[in-house]
Each structure stands twice: as structure tokens, then as C-alpha cells.
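Enquirer: Got a sequence here, can you build the structure:
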Amino acid sequence: MRVRLLAVCAALCLMIVSVVAGAQSNISETYRQLNLFGDVFERVRSDYVEEVGDEELIESAINGMLTSLDPHSSYLNAKSFRDMQVQTRGEFSGLGIEVTMERGLVKVVSPIDDTPAYRSGVKPGDLISHLDSESVQGLSLAEAVERMRGPVNTDLVLTIRRAGREPFDVTITRAVIKIQSVRSRAEGDVGYIRITSFSEQTATGVARAMNNLRNQIGEGIKGLILDLRNNPGGLLEQSVKVADTFLERGEVVSTRSRKPDEAQRFNSKPGDLADGIPIVILINGGSASASEIVAGALQDHRRAIVMGTRSFGKGSVQTIIPLAGHGAIRLTTAHYYTPSGRSIQATGITPDIIVKQARIEPVEQARGQRERDLRGALANPNASTAKPDDADKEKKDQTASKSPPYDYQLARAVDLLRGLALYRAQNDN
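Expert: Residues are numbered from 1 along each chain as shown. As a prediction, this is how the structure comes out:
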């Protein structure tokens, strides 16, 4: 028995020694790599063709370490950190586009509604290769964003690569970007809520919009359209609150990090502000992050029909970690999952009904012979003095001049909700 006990003790000692030796080996390797960094740092300081400040070198090294991990991790110096805080409150100076990096170029996730970039025709999926004729190759995302921001009323020339076209330049004048993240209106007997981003006031704005639509349309409201197209995302907390607005119960989203004990689940509270009326969510390739959380949650709970085209596919969570006196780091810390356990990272939300945006144009048909074209045809006693063709043309021109741009996806969503309302009414009878 004593021999066995001694053997067990000896084995434990060997294990402890092995663990300590392994830890010491790891520490030694870490110090060796840090010494390598120090050597390179000193060599750049002393031998680079131009003098470079220590702060600039350190910031660039930190940013390089973070951006090499994924497109969404980065270093924010003190100024960038302040700008980010202002942006989440809903106001900043710049062009009005949400961007990421792809193959060394700046990729447009989405232009923000009613901003200079939006009015200049910048589209989701555009690749920005140059800023004021200077290549963005080699810039980090934070550096590119910093260059796109600047004083109000100053111009910036973007060189854009778009599928199916030769590269072209767009000149955009910077402005104060005031984000009204929620807009609403009545589409006849259907409510329409447009969410452009998820900032601190979004959930409150959605609740206010829903109450306004109730008052405007009344009890005859047949359904609700939640438009998340070209919504680049924003605050996770706000996306959870917006989804909770339309759910009676159940999970909204879960996050899973490297450490299993740090997993989080976000659940909805009782109370559906829409009182169970049918909901259609519109998404497209510019719908990312927080907007995908809302679409995925309502889709999984069968609370809404998702319509449009596949979303962007950003299924990771970034945590802003302040560094005392030195800005902050934006670090990818978790993946998020929809209530059914789906990760939409790099795959996106697939709509229940795929509807691509389209432009509807009348087809000109050859005009056949009519009664009025026959020789000796009697005139219509009630006709005005204007010729029928002229009257038709005048009416057509007036209608065309007053009609807003046709939104094919929105029209299909309205049709679907009215069809569902009709179906439910027939079943109730």
C-alpha cells in the first residue's frame, strides 16, 4: 500500500513539474517574441528613411495585431474612440456609409439613408479603392474611416469598383450625419417602419412609431412591414429590444465565446406591441449584424415572414474595451446564434420569400386600329375638345411626374399582408 502511495505521489510530482515546465516554456517563448518585437521597433526608429514617432509606431503595431485577426477587430485611439461614442448616440461628421475591409479594399456594407453617400448613389457591395486618388491598400479599417471623416462641407473623391462597370469616381461633400434611425408611415391599411441603424434611441423610436401607426390607421390595420434593408447594424442591446417589441416570449439571440461559462442568452419579455398582426421583414445584402439578429429571431419564432434577398452575414460580436488614457480596442469576442441555434456568420439570413428588387416599366405595344380611326366614324357626343390620344398622353405624363420611385419589394410585402388579411377574414367567416 505504501509503495503504491509513493508511486502515485511520484506521478503527481512529475505531472506538476511537467505543467510548470510547459508554462515556463510558453513564457519563455512569449518573451522571445516580445524581444523580437523590441528589436524590430528599435531598428525602425534608428534606420527608417524618415523619422517616425514612437506613439505612431506603437499604435500601428497594435492595430496591425488586431486587424490581422478579422475585419472587425481594430484599435481606436482616443479621438477615434470619442467619434465612435458620438456615432452611437446618432450624430457624427462624415459621408454616411457603413464599411468593412475586403481583400485590402474598403467595402460598403450600406449607405445610411438621407446622407451625402446615399444621395451620391453609393450602393451596398461597392468597393472603394482610392480616397482622393490615394490607394487604400495597406490602410486599416480605422485609418480608412478616419480619412473619410473630416470637416463639414469639404469634398472627398471616392474611386469605386462596382460589378459590371469600369472603376469610376464619385465626389461627396462631407456633412453632419444626423441619424434618425426610425421612420414610419401608413401604406394604406398597412403600417411601415423603416429602421436605418441601431443606435441608443432605436427601440424607443420603434415603440413610438408603432403607436403612431395605430392612431393613424386604427383597428383596421392589416399588417406591419419592418424594413431593415441596407441597415448595417449597431448596438446589440437595441436589436434585442426591437425584437422583444414583437415577441411574447422566448429567446431572441445567444452569444458564445471561447470560454463556455461566458455564453449569454437574451430572452424576450411578455408583450407584443403589434398585438399579433402579421409582420413582413424586408432584408437585402446590406442588412447586417443587429438587423440580422432581429430578422433571425422573428423568423425562427415564426412571428414574421422574411422577404427580400440574402443578408450580409455578419454573425460576430464586437466588444469595445476602453484602455485608460489610450482609447480602446474593438475586439471580436463571440459569435451570435439565432433562437434555433443558427450561426449566420458568412452565410446570412435566407428570406422565406426571395424577392429581388426590380424596376417595372410599361411595355409599349403596337397600337391597333380602333373605331375612331375608321373613315366617317361618328364622334362621341360627350367627348371633350381634346383628342383622345392627347388626353391620354397628358394624363399619363401627369401621373408619371407625381409618382415616387417604385419599390418592387415593398409593393410585394404590402400585397402579401393584404392577402393574409383577406385569408384570415374568410376563415373567420
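Enquirer: Poorly predicted segments of the stretch 51-200 of the chain, please.
Expert: 89-91 (pLDDT under 70).
Enquirer: mind checking how far the residue lying closest to K269 once chain neighbours are set aside is from L224?
Expert: Excluding the flanking residues, the one nearest K269 by CB to CB, 6 or more residues apart in numbering is D244, at 6.0 Å. The way it works is simple: take the backbone N, C-alpha and C, and place the C-beta from them, glycine included. Here the criterion is CB to CB, to the nearest Å. By it, D244 lies 15 Å from L224.
Enquirer: Number of residues surrounding the residue nearest to K269?
Expert: 23 (other CB atoms under 10 Å).
Enquirer: So what touches the helix or strand harbouring it?
Expert: D244 belongs to helix 236-245 when assigned by DSSP states H and E. When contacts are defined by CB atoms under 8 Å, 6 or more residues apart in numbering, helix 236-245 is touched by residues 195, 198-200, 202-203, 206-207, 210, 233, 252-253, 266, 268-269, 272-274, 289-291, 293-294, 297-298, 317, 336.
Enquirer: Restricted to helices, list the residues you listed.
Expert: Counting by DSSP state H, the part of the contacts of helix 236-245 found in helices is 202-203, 206-207, 210, 290-291, 293-294, 297-298.
Enquirer: Buried ones among those?
Expert: 202-203, 206, 210, 290-291, 293-294, 297-298 (16 or more other CB atoms under 10 Å).
Enquirer: and of those, the nearest to S74?
Expert: A290 (18.4 Å; CB to CB).
Enquirer: surely that closest one meets V252?
Expert: No: the pair A290 / V252 is not scored as a contact, 11.3 Å apart, by CB atoms under 8 Å.
Enquirer: How far off centre is the helix holding D244?
Expert: Here helix 236-245 shows a centroid-to-chain-centroid distance of 15 Å under the convention CA atoms, centre = their mean, to the nearest Å.
Enquirer: mean confidence score for that helix?
Expert: Across helix 236-245, pLDDT averages out at 97.
Enquirer: Could you tell me how far D272 is located from R303?
Expert: Applying CB to CB, the value for D272 to R303 is 8 Å.
Enquirer: ugh, typo on my part, it should be A175
Expert: 37 Å.
Enquirer: okay, the two: which has more neighbours?
Expert: Taking neighbours as other CB under 10 Å, A175 and R303 compare with R303 leading, 20 against 17.
Enquirer: who's in contact with L156?
Expert: 95, 131-132, 148, 150, 171-172, 174.
Enquirer: Narrow those residues to those that are buried.
Expert: The buried subset of those (16+ other CB under 10 Å) comprises 95, 131, 148, 172, 174.
Enquirer: and the two most separated of those?
Expert: Largest pairwise distance in those, by CB to CB, is 12.1 Å, between L131 and R174.
Enquirer: which residues does V106 contact?
Expert: V106 neighbours (CB under 8 Å, 6+ apart): 99-100, 127-128, 136, 139, 141, 144.
Enquirer: now with 6 Å?
Expert: Each residue near V106 by CB atoms under 6 Å, 6 or more residues apart in numbering is listed here: 99, 128, 136, 144.
Enquirer: So the second one belongs to a strand, correct?
Expert: Looking back up the chat, that one is I128. Yes: secondary structure of I128 (DSSP: H, G, I helix; E, B strand; the rest coil): part of a strand.
Enquirer: Can you report how many residues lie near it?
Expert: So I128, with other CB under 10 Å, has 20 neighbours.
Enquirer: circling back: so can I have JSON lines of the ones in helices among the contacts of helix 236-245 showing pLDDT?
Expert: Below are those laid out as JSON lines (pLDDT from 0 to 100):
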{"residue": "T202", "pLDDT": "95"}
{"residue": "A203", "pLDDT": "96"}
{"residue": "V206", "pLDDT": "97"}
{"residue": "A207", "pLDDT": "96"}
{"residue": "M210", "pLDDT": "96"}
{"residue": "A290", "pLDDT": "97"}
{"residue": "S291", "pLDDT": "97"}
{"residue": "I293", "pLDDT": "98"}
{"residue": "V294", "pLDDT": "98"}
{"residue": "A297", "pLDDT": "98"}
{"residue": "L298", "pLDDT": "98"}
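Enquirer: List just the nearest of these to K123.
Expert: S291 (17.0 Å).
Enquirer: residues touching the closest residue to D126 other than its chain neighbours, list them.
Expert: Nearest non-adjacent residue to D126, counting by CB to CB, 6+ apart: V108, 4.3 Å away. Counting by CB under 6 Å, 6+ apart, V108 makes contact with 97, 99, 122, 124, 126.
Enquirer: Is it correct that V108 falls within a strand?
Expert: Yes: under three-state DSSP, V108 sits within a strand.
Enquirer: In three-state terms, how would V99 be classified?
Expert: Going by three-state DSSP: V99 is strand.
Enquirer: Relative to P71, how far out is it?
Expert: Taken as CB to CB, the span from V99 to P71 is 10 Å.
Enquirer: again, but for K259
Expert: 23 Å.
Enquirer: Among these two, which residue is more densely surrounded?
Expert: It is P71, of K259 and P71, that has more neighbours when counted by other CB under 10 Å, with 16 against 9.
Enquirer: Does that one touch E102 like I think?
Expert: No: P71 lies out of contact with E102 (CB atoms under 6 Å); the separation is 7.2 Å.
Enquirer: sorry, back to before: format the contacts of V106 as a markdown table; extra columns: distance to G218.
Expert: Below are the contacts of V106 laid out as a markdown table (distance: CB to CB, whole Å):
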| residue | distance to G218 |
| --- | --- |
| V99 | 42 |
| I128 | 46 |
| V136 | 52 |
| A144 | 49 |
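Enquirer: measure stretch 38-54 end to end?
Expert: From its first residue to its last, stretch 38-54 covers 12 Å (CA to CA, to the nearest Å).
Enquirer: What are the buried residues along that stretch?
Expert: For stretch 38-54, it's none, nothing buried (16+ other CB under 10 Å).
Enquirer: and what of stretch 190-208?
Expert: Buried, per 16+ other CB under 10 Å, within stretch 190-208: 190-199, 201-203, 205-206.
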